[in-house]
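> Please work out how this folds:
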Amino acid sequence: MTTGTVRQRTPGASADLLRAMARPGFLVSRWSLRAIAYTATTVVIGLITMMVATPLYMPWTAVAIALLEPPIGTVGDPSQLVLVLLVGLILIVCFGPLLSLPLAAVERRRLRLVSPRPAESGHRVPPPGLWGWIRVRYTEAATWREVVYLFLLLPLTFLIIVVMGTLVSFTLVLLMGPFLVEDVPGAQISLGPLAATTTEEALPLTLLSPVTLLAAVYLCGVTSYGHGSLARALLVGPPKEELRAELTEVTHSRARLVDAFEYERRRIERDLHDGAQQRLVALNMDLGMARLDVDENSEADRRLAAAQRKADELITELRELVRGIHPRVLTDRGLPAALAELADHSPVPVTVQADLPRRPPSHVEGTAYFVVAEALTNVYKHTEANAATVHAFLAPGAHGDTLVVEVTDYGPGGADPVRGSGLTGMRDRVAVMGGTMDLSSPQGGPTRIRVELPCTIDRTDPR
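Below you'll find the model as predicted:
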């Protein structure tokens, strides 16, 4: 049965604001007040940001001036222009995230004025320490989207100041027109083709002030809609519920793939064991019977003996192949016996401590077995260790038991996953099962691999 995730979209602030602007009562609704507050605070935050981020803006402003007016200053020189561009890029890379991160946090809070939806950050949780924080913050896309917003806020603020300032000033002049021409002798109000020098001439213009005020309020709604959409696109990450649903679906899908792979591997192992291996054994017996019908030490006897030896070698190789696909002892007797068999076949002396009160699920046993097998192979091929230990036990947890397997070799240490695919493959195999793998390999040794596999029981156990 295939499971899926059903997502339900929550109406956003922008859609609510648009619907509110389409209603006749927008002017007296809470949305108009929120739009005005959002626009006003945008101007305040934009001006503060401009003052704080002036060193970041200045190189690019100089470049823009040089491209528009080359004679201005010395930036018109190409070498000077390239130098300013390099300085601007260095400032952005070094200090852009430091300024954009707090700005984005404020803007996400301010989105509540025009948006009922949660405004969660798109940042990952950094590891402990300053270097971990720098490495994560300076390499994730969410940070650089916030840097883009930092630079877009400057022209957006200027646009709001010019447009809204002009419209509000126009409204105030219309509203105060009769008083202006009355208090100041010889004063004149000129609004394009409209002009007034007396109170009687200015009074009709005052009647236009509600129209301009209405336009200003609606313009606040339009700018709040556009600004809110831009801020949400650049500063807000996916909702936690959506991420959680996607993670659950990926986990279930991964479990189904692992189950399918495990089933196919067991089918191949069964076909080789019960099919090809049995036919080779029968062929070996037929060759032995054929030798009874020929003279001993004859040419035919020597050829049959050579064929029989090759059949024995092929049977041995096939048995090793079957054991590598899925060892029979692991299915029949469990992980402790399978680990003991690995230790017996290892050229390096291996001590096994595996006291498990009960058998883990088969997929956990299989993963632990192959991790230990790969680890012991690495010990034999890539180290000069004279001994190794394998320790397996069940650790109780809040969500069930966890199988913990530790493989320690007493070699020179210095193991690095970057220099080979073995450790990376082990880590990937463990990650598929929802587990974790830790590697400790200081120079001088010992090298210790610790694997933790959750013993979940929400899967079909093929045993």
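> Residue 63 versus residue 86, what's the distance?
11 Å (C-beta to C-beta, to the nearest Å). C-beta coordinates here come from the backbone N, C-alpha and C atoms, glycine included.
> More neighbours: the two, which one.
Comparing residue 86 with residue 63 by other C-beta atoms under 10 Å, the one with more neighbours is residue 63, at 16 against 11.
> what's the neighbour count on the nearest residue to the more buried one once chain neighbours are set aside?
Computed as C-beta to C-beta, 6 or more residues apart in numbering, the closest residue to residue 63 that is not its neighbour in sequence is residue 84, at 5.7 Å. Per other C-beta under 10 Å, the neighbour tally for residue 84 reads 20.
> I'd say residue 84 and residue 64 touch.
No: counting by C-beta atoms under 8 Å, residue 84 does not reach residue 64; the two are 10.5 Å apart.
> mean confidence for whichever helix in the chain runs longest?
Longest helix in the chain by number of residues (criterion: DSSP state H): helix 141-183. If you average the pLDDT over helix 141-183, you get 83.
> what does stretch 86-102 give?
Stretch 86-102 carries an average pLDDT of 90.
> Could I get the buried residue list for that stretch?
By neighbour count on 16 or more other C-beta atoms under 10 Å, the buried set for stretch 86-102 is 88, 91-92, 96-97, 99-101.
> got it, and stretch 426-437?
So for stretch 426-437, counting by 16+ other C-beta under 10 Å, buried means 426-427, 429-430, 433, 435, 437.
> To which secondary structure element type does the residue of the chain most remote from its centre belong?
Most distant from the centre of the chain: residue 295, at 73.6 Å, with distances by C-alpha atoms, centre = their mean. What DSSP: H, G, I helix; E, B strand; the rest coil gives for residue 295 is coil.
> wait, what's in contact with it?
By C-beta atoms under 8 Å, 6 or more residues apart in numbering, the contact set of residue 295 is residue 301.
> so how far is residue 288 from it?
In terms of C-beta to C-beta, residue 295 sits 16 Å off from residue 288.
> can you check residue 123 too?
Remark: distance between residue 123 and residue 288 (C-beta to C-beta) = 71 Å.
> More neighbours: which of the two?
residue 123 (17 against 13).
> how much space between the residue nearest to the more buried one when sequence neighbours are not counted and residue 231?
Of all residues not flanking residue 123 in the chain, residue 142 sits nearest, at 5.2 Å (C-beta to C-beta, 6+ apart). Distance from residue 142 to residue 231, counting by C-beta to C-beta: 13 Å.
> Please apply the same query to residue 276.
With distances taken as C-beta to C-beta, residue 276 is found 65 Å from residue 231.
> More neighbours: which of those two?
Set residue 276 next to residue 231 and count neighbours by other C-beta under 10 Å: residue 231 wins out with 25 against 15.
> Find the helix or strand that that one is a member of.
helix 209-235 (DSSP states H and E).
> What are the boundaries of the strands in the protein?
Listed in chain order, the strands of the chain (DSSP state E) span 189-191, 194-196, 350-354, 388-395, 402-409, 436-440, 447-454.
> Next, the angle strand 388-395 makes with the fifth one.
Going back to what we said before, that points to strand 402-409. Interaxial angle, strand 402-409 versus strand 388-395 (axes from the mean of the first three to the mean of the last three C-alpha atoms, to 10 degrees): 170 degrees.
> helices or strands up against strand 402-409?
In terms of contacts (3 or more C-beta pairs under 8 Å, 6 or more residues apart in numbering; DSSP states H and E), strand 402-409 is packed against helix 362-382, strand 388-395, strand 447-454.
> For it, the averaged confidence score.
On average, the pLDDT along strand 402-409 is 90.
> So what are the sheet partners of that strand and their directions?
Using DSSP bridges, strand 402-409 pairs in its sheet with strand 388-395 (antiparallel), strand 447-454 (antiparallel).
> Could I get these in a markdown table, plus columns for mean pLDDT?
As requested, those are exported to a markdown table (pLDDT from 0 to 100):
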| stretch | mean pLDDT |
| --- | --- |
| strand 388-395 | 90 |
| strand 447-454 | 89 |
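> residue closest to the middle of this structure?
Judging by C-alpha atoms, centre = their mean, the chain has its centre closest to residue 124, at 7.4 Å.
> pretty sure that one is touching residue 140, no?
Yes: the pair residue 124 / residue 140 is scored as a contact, 6.0 Å apart, by C-beta under 8 Å.
> Might you list the low-confidence residue ranges for this protein?
Along the chain, the parts satisfying pLDDT under 70 run over 1-15, 69-77, 177-202, 239-248, 250-266, 269-274, 319-326, 398-399, 416-422, 456-463.
> Next, the buried residues of the helix holding residue 231.
In helix 209-235, counting by 16+ other C-beta under 10 Å, buried: 209, 212-213, 216-217, 219-221, 223-225, 227-232, 234-235.
> Tell me the helices and strands packed up against that helix.
So helix 209-235, by 3+ C-beta pairs under 8 Å, 6+ apart, packs with helix 13-22, helix 30-52, helix 78-110, helix 141-183.
> And those: which comes nearest residue 373?
When those are compared for distance to residue 373 using C-beta to C-beta, the nearest one is helix 141-183, at 39.1 Å.
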